[in-house]
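Asker: What would the 3D arrangement of this be:
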Amino acid sequence: MDAAQAFALGILQGLTEFLPVSSSGHLVLLQNLFGFKEPELLFDICLHIGTLAAVCVIFYRDIVELLRTLFRLPSLSSAHGGFWSLLAEHPEARMIALIVVGNVPTVALGLLFHQLIDTIFGSVLIVGGMMLVTGTILWMTRWAPADGRSVTLFTAKDALIIGLMQGLAILPGMSRSGVTISTALFLGINRELSGRYSFLLSIPAIVGALVLELNSGISHSIPIGIIIFGTLTAAVVGSVALVILLSMVKRGHLHRFSPYCWIVGGVAIAWGILF
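Answerer: Modelled structure (predicted):
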């Protein structure tokens, strides 16, 4: 891989990680186009770290406030008359609990199936099929209610369902942001909170995936400088894409990405069959 290819893959990751069209699916397709028949897993992980940095920048205030609340949980719990009362009355404490609960099914699915996912990660046919599924889910958001519940009415059951969908999105071609935001909308969560929760939920999931893969002893054939260049590109482009997506979610325009997913999915399936 040369610098130009790393730059192209970094741009692709930055755009598709946040726009609900599947970053993993596009990386598989472009790597196949570039002739990388085996997935460069370490490079892919580093690109995800780049977009994780974008999430941390855009949601900096939210993250700082959540961390402050986390460190003050014992005193806050005492002041509110107990832990359960705290969750009912304190939005940031409730959000922390929802993030933890939402990641339970994600972690379980990741641990159970990560080796299988590594094996099928380069499958163009699977990417195509999951892109069609993603497009259909996004299209269904047209009928999601415009107004929804706030964080105080966001339940643990909601978090578990959204976390389950995040876990399933480890399949290449299924958009993590697309299916988690869509699921939150289907459950009646308001648009702004759906987008915010989706990306805050992704932070421990991405970090966990990184640790899991690094513990597996990944080897790599790409120079470190090229990996860093691609990662920085993904971070910059991802910041712009994230702002655009959050604006579209607020306006209820998530379904506009469906035709693109269907077209790319169809092309990928044809490509997989023919080549």
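Asker: okay, CA-based contacts and neighbour counts for the rest of this
Answerer: Noted.
Asker: Can you point out the buried residues in the helix or strand harbouring residue 225?
Answerer: Residue 225 belongs to helix 224-250 when assigned by DSSP states H and E. For helix 224-250, burial by neighbour count (16 or more other CA atoms under 10 Å) applies to 226-239, 241-242, 245-246, 248-250.
Asker: From the contact counts, what lies against the least confident helix or strand in the chain by mean pLDDT?
Answerer: Every helix and strand of the chain was ranked by mean pLDDT, DSSP states H and E. The lowest is helix 23-33, at a mean of 74. Other helices and strands packing on helix 23-33, by 3 or more CA pairs under 8 Å, 6 or more residues apart in numbering; DSSP states H and E, are helix 3-18, helix 124-140.
Asker: Repeat the analysis, applying 7 Å as the threshold.
Answerer: If you count contacts as 3 or more CA pairs under 7 Å, 6 or more residues apart in numbering; DSSP states H and E, helix 23-33 packs onto helix 3-18.
Asker: now the helix it packs on and helix 224-250, what's the angle there?
Answerer: Between the axes of helix 3-18 and helix 224-250, defined by axes from the mean of the first three to the mean of the last three CA atoms, to 10 degrees, the angle is 30 degrees.
Asker: Can you list the low-confidence ranges for the protein?
Answerer: Along the chain, segments meeting pLDDT under 70 span 1, 31, 34-41, 114-115, 117-122, 212-221.
Asker: What lies in contact with stretch 179-198?
Answerer: Contact with stretch 179-198 is made by 134, 137-138, 141, 144-145, 147-150, 158, 162, 165-166, 177, 246, 249-250, as judged by CA atoms under 7 Å, 6 or more residues apart in numbering.
Asker: again, only using 6 Å
Answerer: 144, 147, 148, 149, 162, 166, 250 (CA atoms under 6 Å, 6 or more residues apart in numbering).
Asker: if we can go back for a sec, give me the buried stretch members for the least confident helix or strand of the chain, please.
Answerer: 23, 24, 25, 26, 27, 28, 29, 30, 31, 32.
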